[in-house]
Each structure stands twice: as C-alpha cells, then as structure tokens.
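Trainee: got a predicted structure here, sequence first:
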Amino acid sequence: QVQLVESGGGLVQAGGSLRLSCAASGGAFSSYAMGWFRQAPGKEREFVARISMSGAITRYADSVKGRFTISRDSAKNTVYLQMDSLKPEDTAVYYCAADRSPIPSMVTTAYDYWGQGTQVTVSS
C-alpha cells in the first residue's frame with residue numbers, strides 16, 4: 001500500500017510560480033509511474049502531467065505544456081510539479097497519483113493510489 005502526501009499549494013497571483021511536492025511511502029517508489037491531476041469546482045478531475053518510472057519520459061496536458069514541469073527524486077521518494085506563469089484557470093485542487101503500469105495513461109482509472117490533494121488558487 002502506497003501513501004501519497006501532497007504539499008506546496010497556496011494562493012499566488014497570476015504570472016507567479018508554485019512548486020508542489022508529493023512524498024511517497026509504503027512501496028517501491030521506482031516501481032511506479034507518477035502523475036499529477038487537478039480538479040476545479042464543478043469540473044471533472046483532469047490530467048496534468050506524468051513521469052515514467054525512470055524519470056526519462058514526461059507527458060503534459062496541452063493546457064500546461066511549456067509552463068509546468070514534472071520531476072522526481074528517487075532518493076527522496078518525491079515527485080514535484082513546478083508551475084510557472086500561473087493563470088487563474090489553473091485554480092484547482094491538485095492530486096498526485098501512482099501507477100503500477102508502465103503503459104502511459106492520462107485517465108484517472110489507470111492510477112492505483114492517490115493523495116489527498118492540495119489547493120492551488122491563482123488570483124487575477
């Protein structure tokens with residue numbers, strides 16, 4: 001059983017930056033691909049970014065490409081989401097998730113474990 005704990009959310013002005021962290025425990029971190037998703041009020045949870053087990057391959061939603069960067073530190077069992085040039089439409093609860101399968105996926109049902117989420121609010 002893998003436990004995931006997100007941190008780093010908060011309130012930021014448009015154009016600003018935040019770095020989210022997700023600490024993993026209870027499993028072999030390198031055995032999981034990791035993803036970030038977000039959910040805005042009244043909307044479905046949507047894919048943001050994914051990083052492979054080795055960290056060599058990353059994928060992004062078109063809406064964040066060029067502004068967000070996903071990375072992982074195996075020594076710290078932590079995955080990060082660096083968010084730059086933030087926009088009000090990035091406001092959401094951000095979740096990290098772990099996927100045991102190496103097959104890249106952007107759907108929530110493919111992920112096996114989820115964190116509790118961290119709120120990101122971007123003011124205009």
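Mentor: Cool, the structure landed.

Trainee: apart from its neighbours in sequence, what residue is nearest the most centrally placed residue in the chain?
Mentor: Geometric centre of the chain, nearest residue: residue 36, 2.2 Å, by Cα atoms, centre = their mean. Nearest non-adjacent residue to residue 36, counting by Cβ to Cβ, 6 or more residues apart in numbering: residue 48, 4.3 Å away. No exception for glycine: its C-beta is placed from N, CA and C like everyone else's.

Trainee: cool, and residue 47?
Mentor: residue 106 (3.9 Å).

Trainee: still on that earlier bit, list the neighbouring strands of the helix or strand that contains the residue nearest to residue 36 plus their orientation.
Mentor: Following DSSP states H and E, one finds residue 48 within strand 46-51. Here strand 46-51 is paired, per DSSP bridges, with strand 33-39 (antiparallel), strand 58-60 (antiparallel).

Trainee: to residue 7, which of these lies closest?
Mentor: Ranking the strands paired with strand 46-51 by proximity to residue 7 (Cβ to Cβ) places strand 33-39 first, at 13.0 Å.

Trainee: contact partners of that closest one?
Mentor: 20, 22, 24, 45-53, 70, 72, 79, 81, 90, 92-99, 101-102, 104, 106, 108, 111, 117, 120 (Cβ atoms under 8 Å, 6 or more residues apart in numbering).

Trainee: which of those residues fall within strands?
Mentor: If you go by DSSP state E, the contacts of strand 33-39 have 20, 22, 24, 46-51, 70, 72, 79, 81, 92-99, 120 in strands.

Trainee: which among those residues end up buried?
Mentor: Buried members of the ones in strands among the contacts of strand 33-39, counted by 16 or more other Cβ atoms under 10 Å: 20, 22, 24, 47-51, 70, 72, 79, 81, 92-99, 120.

Trainee: ok, back up a step: so what's the residue count around the residue nearest to residue 47?
Mentor: Residue 106 is flanked by 16 other residues according to other Cβ atoms under 10 Å.

Trainee: and it, how far from residue 5?
Mentor: When distance is defined by Cβ to Cβ, to the nearest Å, residue 106 is 23 Å away from residue 5.

Trainee: returning to that earlier point: so the residue nearest to residue 36 makes contact with residue 83?
Mentor: No - in this structure, residue 48 is not within contact of residue 83 by Cβ atoms under 8 Å, at 9.1 Å.
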